[in-house]
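Q: Sequence and predicted structure below; questions after.
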Amino acid sequence: MARLLMPWTRSIKDPISGFFAVNADKLKGIIDLLSDSSGYKLILEILTLMHSKYGDSLRVIEVPYTFRNRVYGTSKLGTNELANYAMLVLKLSNYSVLKYLVALLIGSFVGYLVFNFSVSLGTLLSNLLSIESSLITVITIYQLLMWGGKPRPQYYASYHLVKYFAILIKLLLYAVALPAFVVLIISGGITQLLITLRVIPINPGIVHVS
């Protein structure tokens, strides 16, 4: 989840390590912004805040260590910890998954309306108009929800590739006679979501550190 939704952690092999050290001077600049994260989740928030403040100039060095089986005590890693981790990643990633799903739902509805209103023009043209209107709606709403302000033109081109790649996957899945709902989940949901989160930048979902 962290590597998919938090691009600033992708260069780190273990972004949820519970054993780390931080430069004290750099920590002073962000410590007041830390929330109630604890344990192995704390490093995710520190990395996010550091990324917001120092950008690409932040240096992270990883030193390998051997993680042995526990000898004393019991693990705190239960269902609640996993749920808290998932919620923290969603928060730090600016709720990008949820915002994209909202945009996808609205875009699909717009595409459905356009198809029905233009079906008299022919199946091919009405499908093309439906796809394009859905595509433009999704990427516009997603950008507005993620960043606000004016959408950026370069991401329309990127999302065109995502959308038509998803359509290609859909046609291939239909060719092997999978149920329609399975095809839609894989091509329209999972494929588009994963690729979109890779090609459209995700900014940290926290107050910018000046």
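A: Thanks, I have the structure now.
Q: alpha carbons only for contacts and neighbour counts from here, please
A: Fine.
Q: all strands of the protein, in order?
A: For the chain, no strands are identified by DSSP state E.
Q: so where is it shaky, pLDDT-wise?
A: 36-39, 206-210 (pLDDT under 70).
Q: if you skip the residues just before and after it, what's nearest to the most centrally placed residue in it?
A: For the chain, Leu5 is the residue whose C-alpha lies nearest the centre (C-alpha atoms, centre = their mean; 3.8 Å). Excluding its sequence neighbours, the residue lying closest to Leu5 (C-alpha to C-alpha, 6 or more residues apart in numbering) is Ser93, at 5.7 Å.
Q: Count the residues that sit near the one you found.
A: 23 (other C-alpha atoms under 10 Å).
Q: Tell me which residues touch Arg3, please.
A: With contact taken as C-alpha atoms under 8 Å, 6 or more residues apart in numbering, Arg3 is in contact with 9-10.
Q: Return the residues in contact with Val114.
A: Contacts of Val114 (C-alpha under 8 Å, 6+ apart): 126, 129-130, 133.
Q: out of those, who has the most neighbours?
A: Among those, the one with the most neighbours (other C-alpha under 10 Å) is Ser130, at 24 neighbours.
Q: Now do the contacts for it.
A: 110-115.
Q: Generate a ChimeraX selection restricted to the buried entries among those residues.
A: Provided next is the ChimeraX selection string for whichever of these are buried by 16 or more other C-alpha atoms under 10 Å:
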select :110,111,112,114,115
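Q: could the contacts of Ser130 go into a markdown table alongside distance to Leu49?
A: A markdown table is the format used below for the contacts of Ser130 (distance: C-alpha to C-alpha, whole Å):
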| residue | distance to Leu49 |
| --- | --- |
| Val110 | 37 |
| Gly111 | 39 |
| Tyr112 | 41 |
| Leu113 | 42 |
| Val114 | 43 |
| Phe115 | 45 |
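Q: distance of the closest residue in space to Ala166 that isn't next to it in sequence from Leu193?
A: Ranked by C-alpha to C-alpha, 6+ apart and with sequence neighbours excluded, the top spatial neighbour of Ala166 is Ser187, at 5.2 Å. To Leu193, Ser187 is 9 Å away according to C-alpha to C-alpha, to the nearest Å.
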